[in-house]
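Asks: Next one to model:
(chains A, B and C)
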Amino acid sequence: MMDMEGVEDTVRCEDCGSRNLDLDDKRGEITCLDCGLVLQEAIVDQGPDWRSFDEGGDNARTGAPMNVMMYDKGLSTDVDWQNKDYSGKRLPGTTRAQFHRLRKWQARARVSKHLDRNLSVAFNEIQRMGGNMGLPKSVREEAAVYYRRAVDNNLIRGRSIDAMAAACLYLANQKIGSARSLDDMVKGTRVGRKPLTRSYKILKKTLRLRLNPVEPEVYVNRYCTELGLRPEVESKVKELIKGGRKRDLVDGRSPTGVAAAAVYIAAKLEGQPRTQREIADISGVTEVTIRNRYKEFCAAMNIELE
DNA sequence: AAATTAGGTTACGCGAC
DNA sequence: GTCGCCAAACCTAATTT
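Replies: Just a heads-up that it's a prediction; the model follows:
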């Protein structure tokens, strides 16, 4: 039933059969332009995990899960086919009509159940992983949108949900600039580096995503915060990176390395020095790399440290 | 703590298979 | 899709200043 060519050729409006559909990235909706039916929504919100996970973690929950990100959008109760109420009496005509509509909507929600289940699991994963490494809600929402588009483009079959979910998170993270490196992702998701990057590439390619290359500036705020540096240091860091970019010391190098080195220099210049080791620990960049970068900077920009 | 050195590893684009 | 190749950027580890 599904063919390999992507959403335009395969998805029709469930109500009127029109192929005239509109995909709204921002809101994550697919809307039929002919009848106005919203086919798919990325309903994303924070909520407690309700799936059990193998390794520890706090999966405790109180009360019913919020009906967010549920694969069937909360229509989880069946509507009885008989036109009778709970006591067996026949329903009056108007009520029957209402139930007819209910059934219709329910059938609709069932159409692509297997895909929706996949989405359900994936959304949970995105929530869990994202929450795990403290990614803001906006990133997780964006990731969910990407995942749904991955499903729409038949990218899921034969790939692990976890890897794809992690890849979506990584993409969203880059788009929004939440300052997580690939290393951070690997650590925070327990998805291997290989499958993660593989899914990431496929996703990026087939969705034709154009992302700005990650700039070192993205990491500056986080590094400074984690090192307890004053705001002045932070602006000094950005200044340094700017200068470095002019002198071609930035492009082609790993943004984390450049950021880490600039932080090292700025911290020292501003009288709030941190050791290379400290910076290496929080940034995941080795001391050696920090040294290489910061020496390049000093040499090219006539910076004297002491 | 910082620097140096040596040697191994990864990412990436691309073409071949 | 995977493999092999490339060079540069990075890494680890040991040692010295």
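Asks: what residues does the stretch 201-306 of chain A put near DNA strand B?
Replies: Counting by Cβ under 7 Å from any atom of the strand, the stretch 201-306 of chain A comes close to DNA strand B at A:273, A:275-278, A:287-288, A:291, A:295. For glycine as for every other residue, the C-beta is placed from the backbone atoms N, C-alpha and C.
Asks: Can you tell me which of these are buried?
Replies: A:276, A:278, A:287 (16 or more other Cβ atoms under 10 Å).
Asks: Identify the residues contacting the second one.
Replies: Read that as A:Glu278. For A:Glu278, the contacting residues are A:Leu227, by Cβ atoms under 8 Å, 6 or more residues apart in numbering.
Asks: Same question for the last one.
Replies: For A:Glu287, the contact set (Cβ under 8 Å, 6+ apart) comprises A:276-277, A:280.
Asks: hmm, 6 Å instead?
Replies: Shown in contact with A:Glu287 (Cβ atoms under 6 Å, 6 or more residues apart in numbering): A:276, A:280.
Asks: Repeat that for the first one.
Replies: With contact taken as Cβ under 6 Å, 6+ apart, A:Gln276 is in contact with A:287, A:290.
Asks: just for chain A, where's the confidence low?
Replies: A:1-112 (pLDDT under 70).
Asks: quick one: contacts for whichever residue of it sits closest to DNA strand B?
Replies: Taking Cβ to the nearest atom of the strand, DNA strand B has its nearest neighbour within chain A at A:Thr275, 3.3 Å off. By Cβ under 6 Å, 6+ apart, A:Thr275 lies in contact with nothing.
Asks: out of the residues of the stretch 201-306 of chain A next to DNA strand B, who's nearest DNA strand C?
Replies: Of all these, DNA strand C sits closest to A:Val288, with 4.1 Å by Cβ to the nearest atom of the strand.
Asks: For the closest one, what is the enclosing helix or strand?
Replies: Using DSSP states H and E, A:Val288 sits within helix A:287-301.
Asks: how near is A:Gly131 to A:Thr189?
Replies: Applying Cβ to Cβ, to the nearest Å, the value for A:Gly131 to A:Thr189 is 11 Å.
Asks: More neighbours: which of those two?
Replies: Set side by side, A:Gly131 and A:Thr189 show more neighbours around A:Thr189, with 23 against 14, by other Cβ atoms under 10 Å.
Asks: Start from the N-terminal end of the stretch 151-300 of chain A and give the strands.
Replies: Under the criterion DSSP state E, counting those that start in this stretch, the stretch 151-300 of chain A contains no strands.
Asks: Can you tell me which residues in it are near DNA strand C?
Replies: The stretch 151-300 of chain A comes close to DNA strand C at residues A:198, A:252-254, A:257, A:284-286, A:288-289, A:292-293, as judged by Cβ under 7 Å from any atom of the strand.
Asks: could the residues you listed go into CSV alongside distance to A:Met164?
Replies: Output for those, formatted as CSV (distance: Cβ to Cβ, whole Å):
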residue, distance to A:Met164
A:Arg198, 10
A:Gly252, 29
A:Arg253, 29
A:Ser254, 25
A:Gly257, 29
A:Gly284, 24
A:Val285, 28
A:Thr286, 31
A:Val288, 34
A:Thr289, 31
A:Asn292, 35
A:Arg293, 34
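Asks: List only buried entries from the residues you listed.
Replies: Using 16+ other Cβ under 10 Å as the burial test, these include A:253-254, A:257, A:284-285, A:289, A:293 as buried.
Asks: Next step: the residues you listed restricted to helices.
Replies: Within these, membership in helices is found for A:257, A:289, A:293, as judged by DSSP state H.
Asks: roughly how far apart are the first one and A:Pro195?
Replies: What it means is A:Gly257. The gap separating A:Gly257 from A:Pro195 is 25 Å, by Cβ to Cβ.
Asks: Can you mark which positions in the longest helix along chain A are buried?
Replies: As assigned by DSSP H, the longest helix anywhere in chain A is helix A:113-132. Of the residues in helix A:113-132, A:115-116, A:118-119, A:122-130 count as buried by neighbour count, 16+ other Cβ under 10 Å.
Asks: and of the residues you listed, the nearest to DNA strand C?
Replies: Nearest to DNA strand C, judged by Cβ to the nearest atom of the strand, of the buried residues of helix A:113-132 is A:Asn118 at 18.5 Å.
Asks: Just give me the neighbour total for the closest residue to that closest one other than its chain neighbours.
Replies: The shortest distance from A:Asn118 to any non-neighbouring residue, by Cβ to Cβ, 6 or more residues apart in numbering, is to A:Ile156 (6.1 Å). When neighbours are counted by other Cβ under 10 Å, A:Ile156 registers 18.
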